[in-house]
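Participant: from the sequence below, what's the structure:
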Amino acid sequence: MKGATLKPIVASIALIFALNACSVSSTQHVSTEVPLTAEQIKQQHADNPFFKPYGTFFDIPDFASITPDDFLPAFEAGIAELQQQISVIANNPQAPTFANTIEAMEFSGDLLTRVTYVFFNLTSANTNEALQDISKQISPKLSASKDDIYLNDKLFKRVKAVYDQRESLSLNSAEAKLLGDTYRAFTRGGANLSAEDKIKLRDLNEQIGKLNLSFGDNVLAETNAFQLILDKPEQLSGLPKDVIDTAARRATRLGHPGKWIFTTNRPSITPFLTYADNRALREKIYNAYISKANNDNEHDNKAILAQVAALRAEVAQLMGYKSHAHFVLEDRTAQTPDNVYKLLDKVWPAAIKKANNEVSDMQALVDAQGADITIQPWDWWYYSDKIRVAKYDFNEQQTKPYFTLNNTLKGVFYTANRLYGITVKERDDLPTYHPDVRTWEVYDKDGSLMAVFMGDYFVRPSKRGGAWMNVYRQQYNMNGVDSKPIVVNVLNFPRPAGNEPALLTFDEASTLFHEFGHALHGMLSDVKYRSQSGTAVPRDYVEFPSQVMEYWMTQPEVLAQFATHYQTGEVIPQSLIEKIQAASQFNQGFATVEYMAATYLDLDWHSLEDNTLRDAAKFEQASLDKMALINEIAPRYRSTYFSHIFAGGYSAGYYSYLWSDLLSADAFEAFKENGIFDPITAQKFRDNILSKGGSADPMELYIEFRGKEAGIDPLLRSRGFLK
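Facilitator: Numbers count the residues shown, from 1 in each chain. All right, here's what the predicted structure looks like:
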């Protein structure tokens, strides 16, 4: 998952769900125990680091003093504090106003926000069994607290009273949006339901949340269970030395010294599929990947995901929507499933045509070599790389010596400086949650310290797969507090050997640019309200600032600034830059089709209009047949390990990357028209996109920046589907 989206609603509760991405709700039990107040919990745990200032530079969390035992008391105190604050708001005898109701909710929950950010960042980036156990304990409590707010009749009456007066309140645009978003959050949280249906909603949420957790646990277990253990050097034929060395270190770490291990994690499986000459081994690891949690064992997810889809449909209908997709998309810039299908259907024919041409090219190469095989899915990476070399005399091994991690960071910082005037200063004495983490002070163009940026770049067992941006503190300026952000990028690059530098593939370097685009969205935020800060935008808009950042990666002017050979210091040759650009649209048929196939699959699962329990395997196959997916490509994620939608926050939202790319391709056209570092265009982008967060309608902000709505032609051209 790239990026994080914080819903612009009650800040602490929105945060909980953005980071936890679960909908767990505790069942209601009658208890004679009087719950402890926040102050009583704090008194019992006076040494808890969450109950006092950290006393660190920039108030960075004091990771060295935080132990797993600190989290539950901090969560319990945070929930108790929030409940007390909400009770005061709901029972305020004064007439409801924007200040004493809407803003009062926005200002609540500081402690819960504080502990939530630290905890869910750690469970993603540096987890352990203790944190995983706490997550299972605390998730129901967090969700019950959310339900207690959104299903609070007294509180909703006050919110509705303010909302009904909105035309006469003389609110500015950010205030008006906060009011509207808060009211919709209550109605979408079940505030208008009958007492009986509210109880039913809690129960459904509890069931879904527990299934979400089980789904994610099963995917993790299946991923960790598979190891392709090689013990003969000839099995490594075709693999680059750095890939072999990484596999050897992995084998030693996992108890198999002298051997080589490959796993289904992307940094391991992708180079194996790309370079390994042994076709049978490629088939074995590929099939292990696409069959994760689909092996009819204790970690099988078919029944779980079918239940999740059915329960989500039931919740949507309880709330008055045709389907879960209709419910979700009402709150996104796409608005309806039909609008998403229309975009997909515009791109799909061109993508399939390009993919079929790519298959033909690979089959022609195979036939010319005299190999008696038909191209299969596990052949795609291998033979497409051969085609890339044949067509462009280019592969990623040529570029890796120029894309060290340090060089690429220099390129990212150079680009941000040229666009927005920001500068960075690395520090090695600031608190971090793991020795791998690097930290930088970030200064604005006026020289003021505006943020701290953390980078966590290497794969490890305690970190979930993928790449993402998150925050330990958001930017906001409310209630007398001028909060400066602490932003983190987390990635999963292979760890280098010894003193060797980390060499990145072209795709990995692009991912670093992408994630720093998210980081800029968080660091350049300039809003009043916490719940509108940075990436607090609709899910199908949040990837836009990050995807547009990738375009600078391939610009000759940028490459010349940072892409130098790690051994010779030679600047990347112009001839290689030209090859990079010539090959930039290579294999886009495959890349687009495998992504879109997963997107169609997501929408099909979540467009169900009844809660009938489907056979997961048959439903998926019917979806694939309907889209006419070619045999040589599988969806990027099959249903049983599609954690984005069945254990994360992207249900009915995986289309967001394509939707955002529509905007990013169109936005970069503005930079190409005016100059890629044109200061006026960059300032307009900062003022209208990066600084505004969720304080205004995102599509209105886009039109303010671009002067028009985004057209589809730049997207098609960027992928080589249109000349």
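
Participant: got a list of what Arg717 touches?
Facilitator: Taking C-beta atoms under 8 Å, 6 or more residues apart in numbering, we find Arg717 in contact with Ala665, Lys723. For glycine as for every other residue, the C-beta is placed from the backbone atoms N, C-alpha and C.

Participant: swap the cut-off to 10 Å and go again
Facilitator: By C-beta atoms under 10 Å, 6 or more residues apart in numbering, the contact set of Arg717 is Gln585, Ala665, Glu669, Lys723.

Participant: what count of nearby residues applies to the last one?
Facilitator: Look at Lys723: counted by other C-beta atoms under 10 Å, it has 5 neighbours.

Participant: my read: it touches Ala350, true?
Facilitator: No. Between Lys723 and Ala350 there is no contact, the gap being 11.6 Å when judged by C-beta atoms under 10 Å.

Participant: find residues that contact each of these two.
Facilitator: Taking C-beta under 10 Å, 6+ apart as the criterion, Lys723 and Ala350 both touch Leu716.

Participant: secondary structure added to the contacts of Arg717, as CSV?
Facilitator: Shown next, in CSV, are the contacts of Arg717 (DSSP: H, G, I helix; E, B strand; the rest coil):
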residue, secondary structure
Gln585, coil
Ala665, helix
Glu669, helix
Lys723, coil
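
Participant: work out the sheet partners of the longest strand anywhere in the chain and label each with its direction, please.
Facilitator: For the chain, the strand that runs over the most residues, judged by DSSP state E, is strand 449-458. Next to strand 449-458 in the sheet, as set by DSSP bridges, lie strand 438-443 (antiparallel), strand 486-493 (parallel).

Participant: highest average neighbour count across the ones you listed?
Facilitator: Ranked by mean neighbour count, these are led by strand 486-493 with a mean of 23 (mean count of other C-beta atoms under 10 Å).

Participant: which among the contacts of Arg717 end up buried?
Facilitator: Ala665, Glu669 (16 or more other C-beta atoms under 10 Å).

Participant: with pLDDT and distance to Ile633 as extra columns, can I get the contacts of Arg717 in CSV?
Facilitator: Output for the contacts of Arg717, formatted as CSV (pLDDT from 0 to 100; distance: C-beta to C-beta, whole Å):
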residue, pLDDT, distance to Ile633
Gln585, 88, 17
Ala665, 96, 23
Glu669, 96, 29
Lys723, 78, 24
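
Participant: nearest to Val412, of the strands paired with strand 449-458?
Facilitator: strand 486-493 (9.6 Å; C-beta to C-beta).

Participant: so what secondary structure elements neighbour the following helix or strand past that closest one?
Facilitator: Tracing the chain past strand 486-493, the next element assigned as helix or strand by DSSP states H and E is helix 506-523. Here helix 506-523 touches helix 266-275, helix 396-399, helix 405-420, strand 438-443, strand 449-458, strand 468-473, strand 486-493, helix 544-553, going by 3 or more C-beta pairs under 10 Å, 6 or more residues apart in numbering; DSSP states H and E.

Participant: so which bits of helix 506-523 are buried?
Facilitator: In helix 506-523, counting by 16+ other C-beta under 10 Å, buried: 506, 508-523.

Participant: same question for stretch 64-79.
Facilitator: Ile66, Asp70, Phe71, Leu72, Pro73, Ala74, Phe75, Glu76, Ala77, Gly78, Ile79.

Participant: for stretch 449-458, same thing?
Facilitator: Met450, Ala451, Val452, Phe453, Met454, Gly455, Asp456, Tyr457, Phe458.

Participant: stretch 690-701 now?
Facilitator: Quick answer for stretch 690-701 (16+ other C-beta under 10 Å): Leu690, Ser691, Lys692, Gly693, Gly694, Ser695, Ala696, Asp697, Pro698, Leu701.

Participant: hang on, the earlier thing: and the strands paired with strand 449-458: which comes nearest Asn100?
Facilitator: Nearest of those (C-beta to C-beta): strand 486-493, 30.6 Å.

Participant: what is the mean pLDDT for the closest one?
Facilitator: The average pLDDT within strand 486-493 is 96.

Participant: only alpha carbons, please: show that strand as PDB.
Facilitator: Output of strand 486-493 as PDB, limited to C-alpha atoms (Å, rounded to 0.1, in the frame of the first residue of the first chain):
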ATOM      1  CA  ILE A 486       7.400  14.000  11.500                       C
ATOM      2  CA  VAL A 487       7.100  11.900   8.300                       C
ATOM      3  CA  VAL A 488       8.400   8.500   7.500                       C
ATOM      4  CA  ASN A 489       9.000   6.600   4.200                       C
ATOM      5  CA  VAL A 490       9.100   2.800   4.600                       C
ATOM      6  CA  LEU A 491      10.400   0.600   1.700                       C
ATOM      7  CA  ASN A 492      11.700  -2.900   1.200                       C
ATOM      8  CA  PHE A 493      15.000  -2.800  -0.700                       C
END
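
Participant: just how off-centre is it within its chain?
Facilitator: 11 Å (C-alpha atoms, centre = their mean, to the nearest Å).

Participant: kindly report the same for stretch 619-635.
Facilitator: 25 Å.

Participant: again, but for stretch 455-471
Facilitator: That offset, for stretch 455-471, works out to 11 Å (C-alpha atoms, centre = their mean).
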